[in-house]
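Colleague: Pasting a predicted model and its sequence here:
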Amino acid sequence: MNISNALTVSRLVAIPLLMALLLVRFPYHDQIAAALFIVFSLTDTLDGELARRQGTVSDFGKFLDPLADKLFVLSVLIVLVQAGLVAAWVVVVIFSRELIITILRSVAANQGRVIAAAPLGKTKTVTQMSAVALLILQRPYPVLVPIADIAVAIAIVFTVWSGVDYLWRFRHLIGRRDTRAVPQPVPTEPTPAAELGEVLKRNGFTVAVAESSTAGMLGALIADVPGSSAYFQGGVIAYSNELKRDELGVSEDLLRTVGAVSREVAEAMAEGARVRLRSTLAAAITGIAGPDADGTTKPVGLTYIAVASPGGTTVREFNFGGDRAANRRQAAMEALAMLTAEAKGRRTEARSA
């Protein structure tokens, strides 16, 4: 239980206190309830910021944070409905959206994935909390009634919008069959990594990798093939700019001017891996896997894959639309395909010569 998770739990602990303050009657009970609601709402921003700064982001926190937000807001809204301060259909809309996203998260968890809160989802939470605070204060201050109505309308718009956004971004999880308990047939065709290995072995080629966003996934796929030590030289996981510079020879000027996720840096990474690991071919992957853009203006899913060979370097741009795990796996699979195509092309050139 780290500090960020403790702040998240504090929102759950505050629920009974807030409900009691809204139901009892004594001087300034609504003002106290509103103040406490605002204070505990601020922990929603603070816990995530602390987790990122301290490096304590966990699957438990990713699951608990959106759950605490939902219970915190919905419990207070239910009391406000009982007090006649908000229409019941507002709660129905919000609850329906949360139920659908909870089911989506359950499907993802069943497939071994965690859906973290998205930026639009966090905006939705902020608008809901702002609306709830105004709804509480409109009872002692009737002048706030029209402002509260506007805030509720805005919260409803973002609630529906963020729900549709989640369903669209993670649509690939819906309808997928759970095949974990079903015996899988023996594949009749080689995997992409095995196909690459066959081409490399036939022609005496070797391969190396330089990975940023995939963090070793491409190398693991290549190494999973029995006998890959005959052609796989190894790889460099260069997540930081410093490692890209020191281990792969990517220039500091290039990283500063075009950024780590760029066509030029992917090309430099691939060429650096081929030279430093002394391989025939080398593949490099750099991208933004998600769920956020890591402080840049570049879109989530943007990925550059480069393949270097003695004849030059090929770079391709991709824009993947899945979650973090799907984006990383797609990048690794595309890199395998590019390596295989390049290896086959080198074979043709060798025969022609």
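Modeller: In hand now; what should we look at? Numbers count the residues shown, from 1 in each chain.

Colleague: Quote the end-to-end distance of stretch 318-326.
Modeller: Start to finish, the residues bounding stretch 318-326 are 13 Å apart (CA to CA, to the nearest Å).

Colleague: May I see the domains of the protein written out as residue ranges?
Modeller: Split into domains by automatic domain parsing, the chain comes to 3-173, 192-352.

Colleague: mind checking how far the residue positioned nearest the centre of the chain is from Gly301?
Modeller: In the chain, the residue lying closest to the centroid (CA atoms, centre = their mean) is Pro291, at 2.2 Å. Taking CB to CB, to the nearest Å as the measure, Pro291 falls 10 Å from Gly301. (Glycine included, C-beta is placed from N, CA and C.)

Colleague: Equivalent analysis for Val76, please.
Modeller: 36 Å.

Colleague: Can you pick out the residue with more neighbours from these two?
Modeller: Taking neighbours as other CB atoms under 10 Å, Val76 and Gly301 compare with Val76 leading, 25 against 22.

Colleague: Quick check: closest non-adjacent residue to Tyr231.
Modeller: Leu200 (4.1 Å; CB to CB, 6 or more residues apart in numbering).

Colleague: Do you know the pLDDT at Pro183?
Modeller: pLDDT for Pro183: 55.

Colleague: hey, C-alpha coordinates of the helix or strand encompassing the residue nearest to Tyr231 in PDB?
Modeller: Element membership for Leu200, per DSSP states H and E: helix 192-203. Provided in PDB are the C-alpha atoms of helix 192-203 (Å, rounded to 0.1, in the frame of the first residue of the first chain):
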ATOM      1  CA  PRO A 192       6.300 -15.300 -38.500                       C
ATOM      2  CA  ALA A 193       9.400 -15.600 -36.300                       C
ATOM      3  CA  ALA A 194      10.000 -19.200 -37.500                       C
ATOM      4  CA  GLU A 195       9.600 -18.100 -41.100                       C
ATOM      5  CA  LEU A 196      12.200 -15.300 -40.600                       C
ATOM      6  CA  GLY A 197      14.500 -17.900 -39.000                       C
ATOM      7  CA  GLU A 198      14.300 -20.200 -41.900                       C
ATOM      8  CA  VAL A 199      15.200 -17.500 -44.400                       C
ATOM      9  CA  LEU A 200      18.100 -16.300 -42.300                       C
ATOM     10  CA  LYS A 201      19.500 -19.800 -41.800                       C
ATOM     11  CA  ARG A 202      19.200 -20.700 -45.500                       C
ATOM     12  CA  ASN A 203      21.200 -17.700 -46.500                       C
END
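
Colleague: Following the chain onward from that helix, which element is next?
Modeller: That would be, after helix 192-203 and using DSSP H and E, strand 207-211.

Colleague: Identify the residues contacting that following strand?
Modeller: Surrounding strand 207-211, the residues in contact under the criterion CB atoms under 8 Å, 6 or more residues apart in numbering are 196, 200, 217-219, 222, 231-238, 248, 269-270, 272-274, 277-285, 335, 339, 343.

Colleague: Stretch 234-250 too?
Modeller: By CB under 8 Å, 6+ apart, stretch 234-250 touches 208-212, 215-216, 218-219, 251-252, 255, 260, 265, 268-269, 271-273, 275-277, 284.

Colleague: These in strands, which ones?
Modeller: Ala208, Val209, Ala210, Glu211, Ala284 (DSSP state E).

Colleague: Save those as CSV, and put in pLDDT and neighbour count too.
Modeller: Formatted as CSV, the ones in strands among the contacts of stretch 234-250 follow (pLDDT from 0 to 100; neighbours: other CB atoms under 10 Å):
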residue, pLDDT, neighbour count
Ala208, 96, 26
Val209, 96, 32
Ala210, 96, 32
Glu211, 96, 27
Ala284, 97, 35
